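J.: following is a predicted model, sequence given first.
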Amino acid sequence: MAKVKTKYVCQSCGATAAKWIGKCPSCNEWNTYVEESVQPDTRQTRRRAMIPVTQQKAAPLQSFESSSGVRTPVDDQELDRVLGGGLVPGSLILCGGEPGIGKSTLLLQTAMRFSGGNVLYVSGEESPEQIKMRAERIGPLKDSLYVLPETNVKIIAEQAEELNPSLIIVDSIQTLFTPEIESSPGSVSQIRETAADLLTIAKTKHIPVFLIGHITKEGSLAGPKVLEHMVDVVLQFEGDRFHAFRILRTVKNRFGSTHELGIYEMNSNGLQPVLNPSAVLIGEKDPSLSGSAIAASLEGMRPLLLEIQALVSTAVYGTPQRSATGYNTRRLNMLLAVLEKRCGFKLGMKDVFLNIAGGLRIEDPAIDLAVVAACLSSSLDIALPSDTVFAGEIGLSGEIRPVSRIEQRISEAEKMGFKRMLVSSYTRNVKDSYGNLKVVGVEKVADIHRLLF
Ligand code: TYD
Ligand code: MG
């Protein structure tokens with residue numbers, strides 16, 4: 001018997017080595033090398049790599065038809081928005097997210113709503129009975145939805161050929177395998193090969209294909225970066241499993257903007273689009289409590305009003321705790337240092353806890369001002385005026401900086417009935433008031449203290 005040749009493959013970036021190594025020289029991850037058998041690099045395997053090779057000749061770009069006009073909407077306002085207006089024929093879409101976040105639910109309900117023809121829902125994770133049970137909770141069943149419990153990509157390809165669906169959904173790419181290679185499902189080689197097969201189906205038959213992908217505990221999509229390069233669109237489903245809100249973000253989109261965002265709420269009938277997220281997110285605020293401030297944030301292209309909650313209390317132990325949920329703890333530490341140095345607040349011996357209500361994770365620096373206001377309010381135990389909203393980034397010297405797309409934030413705040421918005425005094429092109437909303441410029445963190453308390 002011929003000796004089976006093996007190589008070591010980094011499960012994070014796909015780099016290979018002849019021997020096991022602890023730290024990947026390519027992506028610097030530790031302990032990611034796994035032994036896999038080497039495939040003979042035949043012409044056939046090489047040909048499968050990307051878009052199928054046909055005898056193509058160069059032709060003027062003008063002579064091709066543009067595919068932009070033929071998007072198929074999926075009858076889900078949020079998903080359509082994130083995709084840039086519907087499904088492009090032959091696109092390969094990766095939908096990633098942590099376990100239990102609702103990936104299977106989202107794509108099952110998309111399959112159930114889809115009205116553009118037959119849908120093939122391939123599940124390597126759940127049995128048809130389980131899927132049916134879930135589907136019955138979501139809504140009425142259609143004849144056009146076909147389910148295939150299968151993980152062999154060759155059989156999936158055969159079934160796709162036979163059924164000729166208008167949409168294919170695969171749950172999940174990590175469960176698939178191709179019998180052509182020996183490594184186990186979920187390994188880099190298997191993910192790369194099975195995704196290449198699905199890509200071929202998508203591109204040759206012009207069928208949009210959704211792939212569900214798991215996320216590792218570090219938060220990146222499991223499997224090689226290669227996968228992200230192969231697909232046309234990468235969507236990320238985020239949120240806190242213990243909260244109802246979910247955010248669907250575009251990480252990559254070859255057919256549209258990556259600034260779009262979908263917001264859903266998980267309830268007993270599946271995921272419902274949230275049409276007015278600000279109203280829901282700030283709806284539970286109690287105006288008499290200290291430590292809570294409303295931030296005019298912007299997620300993707302959408303303005304979003306959020307409640308920032310802070311709790312500042314005397315540290316029980318020698319080392320004060322700083323903890324933030326939904327916000328970067330390092331940034332919190334930086335803001336507290338600014339407060340201490342520029343505003344004279346002694347927070348060095350205080351525990352500070354920060355929370356963004358609704359379980360969302362926000363990166364937008366414009367919420368800095370609300371974070372500082374919430375911390376001051378909690379520290380002094382004085383509630384902030386409930387008609388005030390904040391939008392400003394804070395620099396190291398305590399200066400308040402202007403933020404992007406201020407008009408959008410202002411109009412959202414006005415729509416939600418706020419009377420006053422605190423922004424950087426360096427903000428350009430804003431009026432003093434918009435309807436009932438007054439725009440107040442502040443220059444330094446110390447001004448906030450003077451103005452509010
Ligand atoms: P699921 O789609 O299985 O998550 P994933 O595929 O990302 O792992 O959904 C996970 C959770 O959603 C599950 O814990 C139950 C909950 N859920 C609801 O609350 N309502 C529903 O209608 C459905 C179908 C699920
Ligand atoms: Mg699932």
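T.: Received, thanks. Ligands and ions are numbered 1, 2, ... in the order given.

J.: quick one, what contacts Leu79?
T.: Contact analysis of Leu79 by Cβ atoms under 8 Å, 6 or more residues apart in numbering lists 106, 110, 248, 262. The C-beta positions use only the backbone N, C-alpha and C, and glycine is treated the same way.

J.: and it, what are its phi and psi?
T.: When read as degrees, to the nearest 10, the backbone of Leu79 gives phi -70, psi -40.

J.: please apply the same query to Asn429.
T.: Taking degrees, to the nearest 10, you get phi 60, psi 40 for the backbone angles of Asn429.

J.: return the residues in contact with it.
T.: With Cβ under 8 Å, 6+ apart, Asn429 has these contacts: 406-407.

J.: which parts of the stretch 201-350 of the chain are helices?
T.: For the stretch 201-350 of the chain, the helices defined by DSSP state H, counting those that start in this stretch occupy 225-230, 277-281, 329-343.

J.: so which of the contacts of Leu79 sit within strands?
T.: Filtering the contacts of Leu79 for membership in strands, criterion DSSP state E, returns 248, 262.

J.: got TSV for the contacts of Leu79, with pLDDT too?
T.: Shown next, in TSV, are those (pLDDT from 0 to 100):
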residue	pLDDT
Leu106	95
Thr110	94
Leu248	91
Gly262	89
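
J.: all strands for the stretch 251-400 of the chain, in order.
T.: Under the criterion DSSP state E, counting those that start in this stretch, the stretch 251-400 of the chain carries strands at the ranges 261-267, 270-273, 292-299, 302-314, 322-325, 350-356, 388-390, 393-394, 400-401.

J.: distance to ligand 1 and mean neighbour count added to these, as TSV?
T.: TSV is the format used below for these (distance: least, Cβ to the nearest ligand atom, whole Å; neighbours: other Cβ atoms under 10 Å):
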stretch	distance to ligand 1	mean neighbour count
strand 261-267	5	20
strand 270-273	4	18
strand 292-299	20	26
strand 302-314	23	20
strand 322-325	20	16
strand 350-356	21	21
strand 388-390	31	27
strand 393-394	33	21
strand 400-401	38	22
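
J.: apart from its neighbours in sequence, what residue is nearest the residue nearest to the spatial centre of the chain?
T.: Geometric centre of the chain, nearest residue: Gln236, 3.3 Å, by Cα atoms, centre = their mean. Distance criterion Cβ to Cβ, 6 or more residues apart in numbering; nearest residue to Gln236, sequence neighbours excluded, is Arg249 at 4.7 Å.

J.: bridged to the residue nearest to the centre of the chain, which residues?
T.: Under DSSP bridges, the beta-bridge partners of Gln236 are Gly96, Arg249.

J.: surely Leu248 and Leu271 touch.
T.: No: Leu248 lies out of contact with Leu271 (Cβ atoms under 8 Å); the separation is 9.1 Å.

J.: overlap in contacts, these two.
T.: Contact criterion Cβ under 8 Å, 6+ apart; residues shared by Leu248 and Leu271: 106, 264.

J.: that's a helix at Ile168, yeah?
T.: No: membership of Ile168 in a helix is not supported by DSSP: H, G, I helix; E, B strand; the rest coil, which gives strand.

J.: so who does it touch?
T.: With the criterion set at Cβ under 8 Å, 6+ apart, Ile168 makes contact with 119-120, 122, 160, 198, 201-202, 207-210.

J.: can you name the residues bridging to it?
T.: Listed by DSSP bridges, the beta-bridge partners for Ile168 are Leu120, Val209.

J.: ok, it to ligand 1 distance?
T.: Ile168 sits 17 Å away from ligand 1, going by Cβ to the nearest ligand atom, to the nearest Å.
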